[in-house]
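*Asks:* Sequence isn't available, so here's the structure alone:
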DNA sequence: AAGTTTTTATTCAAATTTGCGTACCATGTC
DNA sequence: GACATGGTACGCAAATTTGAATAAAAACTT
């Protein structure tokens, strides 16, 4: 939940919001792609952190809308956790690595087909990211959010290069 | 649970094992670094899949050791899910992206320090991966498992390059 | 203005993951 | 043989995540 917490606290830094709006903001910075931020997670996280004193519940009239406001303790917590995220190198979790683990369970022919297909798909995905960056901030997200997309593209590119390389070796029978 | 399932089924492909041994194998291919494979997950997953008919429980005498054997349905499931993993481009989940999201919440000076530190740490991590690959298979994992490490190193390298780039821009005041 | 769709806002059960607690058994050791 | 040590093997409560269900309000249709 560590990442979820940072995201929630971070979104609330500039003023109280209710759960739905929190979700909107996260979607805006495309965080829904790379973090665990389904509705349930958000409401759960907000509730939990309110119980812990990192947030403060502000009832907002009828409907039962609940605004969550970050507390001083919340701000402190945010900073601590944010720094952790900068300093810790955590292994990258990519389901594709699971596929690689069982490389040897596919026939060489199937493997080559799968690798070629993935390479093509990566190319398309990278292109799309590029275009998304061009089509600047249609959504009003801050500038530095593109950087995340750029980093993403670079990592996909790295994966693609690796595939190109490995493909050769598979063709020469050196892999798996 | 999709990835967990593939891993569990995949490990059982060559013969029945009990939970503890499954864990050992996964550790052996360093899968514990990049997948969700705590003990609880394993026993839960094995039990669940046994209930679903993908695995078959084989009691092994005293102690209550339970061996799990993959069924035909299980093999089919494995193949389907494995192929999914090859064909789907899922966004890479890296907690560091959370840190990037809030780039603008650090003072420029702190940001520069954090980026430099991370770059250095990445360098070290990449070096370690390299050496781990050199120190070939101390553990008896199949050859193609190094490839995962190699891919990992490449992606970390990409991250490091990105940081180098962004650092310049931060210094010039173009970011965030 | 009645009816329909969309957007807003939240809740809930079910699935999953974590990490620690608990045994058991073999081995060495004094 | 009493006893510590460490590897083997599993269970469980608590925390987290998901995804779908719900329902009120706003916006649009006719």
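*Replies:* Yes, it's here. This one's a predicted model, so the numbers in the text were calculated from it and none came from an experiment. Numbering: from 1, shown residues only, chains lettered A, B, ... in the order given.
*Asks:* Flag every residue of chain A that's near DNA strand C.
*Replies:* When proximity is defined as Cβ under 7 Å from any atom of the strand, chain A approaches DNA strand C at A:18-21, A:23-24, A:39-40, A:43-44, A:63-66. Where you see a C-beta, it was placed from the backbone N, CA and C, and this is true even at glycine.
*Asks:* go with 10 Å
*Replies:* By Cβ under 10 Å from any atom of the strand, the part of chain A that sits against DNA strand C consists of A:1-2, A:17-24, A:27, A:38-44, A:46-47, A:57, A:59-60, A:63-68, A:93.
*Asks:* List the ones among the residues you listed that fall in strands.
*Replies:* The strands in this structure, assigned by DSSP state E, contain A:17-18, A:57, A:59-60, A:65-68 from the residues of chain A next to DNA strand C.
*Asks:* Looking at these, which one is closest to chain B?
*Replies:* residue A:17 (15.8 Å; Cβ to the nearest Cβ).
*Asks:* pretty sure residue A:101 is touching residue B:11, no?
*Replies:* No: under the criterion of Cβ atoms under 8 Å, residue A:101 makes no contact with residue B:11, lying 9.3 Å away.
*Asks:* out of the two, which sits in the busier spot?
*Replies:* Taking other Cβ atoms under 10 Å in any protein chain shown, residue A:101 and residue B:11 do not tie; residue A:101 has more neighbours (28 against 25).
*Asks:* Now for the more buried one: which residues touch it?
*Replies:* Under the criterion of Cβ atoms under 8 Å, 6 or more residues apart in numbering or on different chains, the contact list for residue A:101 reads B:7, B:10, B:29, B:31, B:145, B:148.
*Asks:* Spatially nearest residue to residue A:26 (excluding sequence neighbours)?
*Replies:* For residue A:26, ignoring the flanking residues on the chain, the nearest one in space by Cβ to Cβ, 6 or more residues apart in numbering or on different chains is residue A:37 at 5.1 Å.
*Asks:* can you check residue A:4 too?
*Replies:* With Cβ to Cβ, 6+ apart, the residue lying closest to residue A:4 is residue A:45, at 5.2 Å.
*Asks:* Low-confidence ranges, chain A, go.
*Replies:* When residues are selected by pLDDT under 70, those of chain A lie in A:1, A:61-64, A:136-140.
*Asks:* Pick out the residue nearest the middle of it.
*Replies:* The geometric centre of chain A, computed from its C-alpha atoms, lies nearest to residue A:34 (Cα atoms, centre = their mean), at 1.8 Å.
*Asks:* thought it was touching residue B:92?
*Replies:* Yes: between residue A:34 and residue B:92 there is a contact at 6.8 Å, judged by Cβ under 8 Å.
*Asks:* Determine the residues that are contacts of both of those two.
*Replies:* residue A:152.
*Asks:* which outside residues touch stretch A:40-56?
*Replies:* The set of residues external to stretch A:40-56 that reach it, using Cβ under 8 Å, 6+ apart, is A:1, A:4-5, A:8-9, A:12, A:19, A:22-23, A:26, A:57, A:68-71, A:73-74, A:77.
*Asks:* which ones among the residues you listed are found in helices?
*Replies:* Of the contacts of stretch A:40-56, the ones assigned to helices by DSSP state H are A:4-5, A:8-9, A:19, A:22-23, A:26, A:73-74, A:77.
*Asks:* Which one of the residues in chain A is closest to DNA strand D?
*Replies:* Taking Cβ to the nearest atom of the strand as the measure, the point where chain A comes nearest DNA strand D is residue A:40, at 2.0 Å.
*Asks:* Report how many residues lie close to the residue nearest to residue A:4.
*Replies:* Here the count is done by other Cβ under 10 Å, and residue A:45 has 23 residues near it.
*Asks:* quick check: domain ranges of chain A?
*Replies:* In the domain annotation for chain A, the residue ranges read A:2-87, A:95-171 (automatic domain parsing).
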